[in-house]
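[1] For reference, the sequence and a predicted model appear below.
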Amino acid sequence: MAYREVPRMEIGELIRRWQAGQSRRQIAESTGLSRDTVAKYLATAETEGIARDGPVPSEEQLSRLAAIGQVGPRRVVTPTDDLLEPWADQVYQWLTGDRLQLTRIHELLAARGCRVSYQSLRRFIIRRNWTRLGSTTVRMEDTPPGEVAEVDFGRLGLVPDPATGKRKLVWAMIIVLCHSRHCFLWPMHQQTLPEVIAGLEAAWAFFGGVPRYLVIDNFPAAVVGPDSLNPVLTRSFLEYAQRRGFFADPARVRHPRDKPKVERGVPYARERFFKGASFDSLAHVRAEAPRWCREVAGTRVHGTTRRQPLVVFQEEERHTLLPWDGEPYEIAHWRTLKVHPDHHVQCQQALYSVPSDLCPPGQKVEVRADSKLVHVYYKGRLIKVHLRQPKGGRATDPKDYPARIGPYTTRAPDQLKKEAAKLGPAVGEFAQRLLADPLPWAKLRQGHKLLRLAERYTGPRLDAACRRALDVDLIDVRRLERILVQALDEETSPQLPLPAPAGRFARAGSVFAHSAHRQFHPQEVTTHVQDH
């Protein structure tokens, strides 16, 4: 069996659904985890003091839950799979393109030399999710008020762009409340996460609340890959869902029946709102959209319910929505980054240090960056928080470096001087003179070499060698090492001869006549006689 590590955010989502009243089966179906895995995490959560009717778990409690490793299933590759794998593209074409029956595909494979059992072929297709849905259609029961909303995207048309003067394509995001069929339209140029969240925020303000479940389109800004069996939300969108309190349910790719109540919303808006109207910018379209949703789409008689969506919304659904506080939501950027050899990670074109004792270089960390703070997580545990830096900026905590290289990496000559002074007064004086340069960083290597000499030759010997070097004004660590190697520090310093005292009758050289051309001055003779 292979081990699958459950991410910390999925654990938080599991606990959130449990505290919201969902059963273990519902949690397993929503998160893609097995019921045994869900049960194990819930049991551990209760031992950690997390109650079903209690407050949201703390950061420390989630970190302990994230440390639990889980066993996940692993599919065994059979010899039959090896036989069918070269025919995978052909089988897919027969099944989806030619729309052949499985029995016919089994016969065609046998005729071409690939002889496998019918059940093996069927399992091969099911594992790849190539099975076609039957044509039987059943009507879903009406959802309770305030329970579900559906989201869909579609093209509206071209509008002028004041910045470039050219016409630019406008997309429409339609949000439909499933009970009342009341809708909201948000135009955008691109389906990016900031644009989508801005549209959802405008929708919650328009409705005055938030539905409990949101069936979203399978777009990259919100869903990690088009996995129809176990869709995974991006961390940024999942964090937004947790903040607003709704549960997101991604629809399958190219499956309009997964969100049937909104599928006709985009064509309806394009025909009744956009076509024939004159808009001079995207802002103009956005300004007109809420009015159209209230006065046109909201007051029409819906073809299915035969009621006006706005009336149903005001009478039955408005008061059932989750409260919306109206506070602006700030999007956080999540990234999976590798720690560089210099103990930093690069996020949003800025560098941030990572504690080397908790996460050595080469490991991958999860980084969450908003406009104010940057959080670094390692294996589900919060290990560092930095203030957000501008592009090209750098946030370095000297404590994040290993203790042995911290002073050097932070270019701290004062720290070197303090360490040297602890080894002896002569060592401290030697370090002071060594690093007295206006640019002391050029001497940092010699300063670290000086401290390492104490580890090899002991502090007293180094202090004696420094004293001998200072006596002869020798401020060079390499030559200081020679003194220790040759054991000159253990010898007494040679006594230099004292200079001879000045003579009593010493005279300046200018007094004496060294040239025949020098003239005689009687005043000089008088002065010398008086001196005697």
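    Thanks, I have it. Numbering: from 1, shown residues only.
[2] quick one: the helices in the stretch 201-350 of the chain?
    235-244, 260-263, 265-269, 282-292, 309-312 (DSSP state H, counting those that start in this stretch).
[3] lowest-confidence stretch among those?
    Lowest mean pLDDT within these: helix 260-263, at a mean of 84.
[4] who's in contact with it?
    140, 150-152, 174-176, 178, 181, 183, 215, 256 (C-beta atoms under 8 Å, 6 or more residues apart in numbering). Just so you know, the C-beta spots here come from the backbone N, C-alpha and C atoms, and that holds for glycine as well.
[5] In its sheet, which strands sit next to the longest strand anywhere in the chain, and in what direction?
    Ranked by residue count under DSSP state E, the longest strand found in the chain is strand 148-160. Sheet pairing of strand 148-160 (DSSP bridges) gives strand 167-177 (antiparallel), strand 213-216 (parallel).
[6] Ok, which of those strands comes nearest A20?
    With C-beta to C-beta, the closest approach to A20 among these belongs to strand 213-216: 11.0 Å.
[7] As CSV, could you dump the C-alpha coordinates of that closest one?
    Extracted in CSV, the C-alpha atoms of strand 213-216 (Å, rounded to 0.1, in the frame of the first residue of the first chain):
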residue,chain,number,x,y,z
TYR,A,213,-23.3,25.4,-1.5
LEU,A,214,-21.9,26.8,-4.7
VAL,A,215,-21.7,24.6,-7.9
ILE,A,216,-18.8,26.2,-9.8
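[8] shaky segments in the stretch 101-250 of the chain?
    131-140 (pLDDT under 70).
[9] now with 90?
    101-104, 113, 115, 120, 122-143, 163, 165, 217-221, 224-232 (pLDDT under 90).
[10] coming back round to it: quick one: which of the contacts of helix 260-263 is nearest to R456?
    Nearest to R456 among those is V151, at 69.6 Å by C-beta to C-beta.
[11] Which residues are in contact with that closest one?
    Going by C-beta under 8 Å, 6+ apart, V151 touches 173-175, 200, 214-217, 259, 262.
[12] Repeat that for R128.
    88, 92.
[13] Check S117 too.
    The contact partners of S117, by C-beta under 8 Å, 6+ apart, come to T80.
[14] so L233 makes contact with A222?
    Yes - shown here, L233 and A222 form a contact pair, counting by C-beta atoms under 8 Å, at 6.2 Å.
[15] returning to that earlier point: with respect to G49, which of the contacts of V151 is nearest?
    The shortest approach to G49 among the contacts of V151 belongs to L214, at 31.1 Å (C-beta to C-beta).
[16] That closest one: neighbour count?
    Number of residues near L214 (other C-beta atoms under 10 Å) recorded here: 21.
[17] Over to the one 10 residues further on?
    By the measure other C-beta under 10 Å, the count of residues near V224 is 14.
[18] which one is it nearest to, not counting chain neighbours?
    Among residues not flanking V224 along the chain, V232 sits closest, at 4.4 Å (C-beta to C-beta, 6 or more residues apart in numbering).
[19] Tell me the pLDDT of A20.
    The model reports A20 with a pLDDT of 90.
[20] Could you give me the buried positions within stretch 364-377?
    Of the residues in stretch 364-377, 365-369, 374-377 count as buried by neighbour count, 16 or more other C-beta atoms under 10 Å.
[21] any chance of the residues you listed in TSV, with distance to R467, secondary structure and pLDDT too?
    Shown next, in TSV, are those (distance: C-beta to C-beta, whole Å; DSSP: H, G, I helix; E, B strand; the rest coil; pLDDT from 0 to 100):
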residue	distance to R467	secondary structure	pLDDT
V365	49	strand	96
E366	54	strand	95
V367	52	strand	96
R368	55	strand	95
A369	54	strand	95
V374	50	strand	96
H375	52	strand	96
V376	48	strand	96
Y377	52	strand	96
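[22] before we move on, the earlier item: next, count neighbours for the residue nearest to V224.
    Close neighbours of V232, defined as other C-beta under 10 Å, add up to 16.
[23] pretty sure it is touching P220, no?
    No - contact between V232 and P220 fails when scored by C-beta under 8 Å: they sit 11.9 Å apart.
[24] who wins for proximity to S120 among the helices of the stretch 201-350 of the chain?
    Smallest distance to S120 across the helices of the stretch 201-350 of the chain (C-beta to C-beta): 35.7 Å, for helix 260-263.
[25] Export only the CA atoms of that closest one, formatted as CSV.
    Extracted C-alpha coordinates of helix 260-263, given in CSV (Å, rounded to 0.1, in the frame of the first residue of the first chain):
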residue,chain,number,x,y,z
PRO,A,260,-28.7,22.6,-15.3
LYS,A,261,-30.3,25.7,-13.7
VAL,A,262,-27.6,28.1,-14.9
GLU,A,263,-26.8,26.6,-18.3
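[26] To I125, which of the strands paired with strand 148-160 lies closest?
    Across the strands paired with strand 148-160, I125 has its closest neighbour in strand 213-216 (27.3 Å, C-beta to C-beta).
[27] wait, P355 sits on V385?
    No - with contact defined as C-beta under 8 Å, P355 does not count as touching V385 (11.2 Å).
[28] quick one, which of these two is more surrounded?
    Applying other C-beta under 10 Å to P355 and V385 shows that P355 carries more neighbours, namely 18 against 12.
[29] ok, H189 to R478 distance?
    Per C-beta to C-beta, to the nearest Å, H189 is found 65 Å from R478.
[30] When the two are compared, which one has more neighbours?
    Set H189 next to R478 and count neighbours by other C-beta under 10 Å: H189 wins out with 13 against 8.
[31] these two touch, right, that one and V170?
    Yes - counting by C-beta under 8 Å, V170 is a contact partner of H189 at 6.5 Å.
[32] Could you name every residue contacting both of the two?
    L282.
[33] if we can go back for a sec, of all the strands paired with strand 148-160, which lies closest to G21?
    strand 213-216 (13.2 Å).
[34] what's the closest one in contact with?
    With C-beta under 8 Å, 6+ apart as the contact definition, strand 213-216 has outside contacts at 147-151, 222-223, 241, 246-251, 258-259, 262.
[35] Can you flag the buried ones in those residues?
    Buried subset of the contacts of strand 213-216 (neighbour count, 16+ other C-beta under 10 Å): 147-151, 222-223, 241, 246-251, 258-259, 262.
[36] Using CSV, write out every CA atom in stretch 319-334.
    What follows is stretch 319-334, C-alpha atoms only, in CSV (Å, rounded to 0.1, in the frame of the first residue of the first chain):
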residue,chain,number,x,y,z
HIS,A,319,-33.8,35.5,4.8
THR,A,320,-32.4,32.0,4.5
LEU,A,321,-29.0,33.0,3.1
LEU,A,322,-25.9,32.9,5.2
PRO,A,323,-25.0,36.4,6.5
TRP,A,324,-22.5,38.5,4.5
ASP,A,325,-20.5,41.0,6.5
GLY,A,326,-19.6,43.2,3.6
GLU,A,327,-15.9,43.4,4.6
PRO,A,328,-13.6,43.5,1.5
TYR,A,329,-11.9,40.2,1.0
GLU,A,330,-8.2,40.1,0.3
ILE,A,331,-6.9,37.4,-1.9
ALA,A,332,-4.0,35.4,-0.6
HIS,A,333,-1.5,33.9,-3.0
TRP,A,334,-0.4,30.3,-2.3
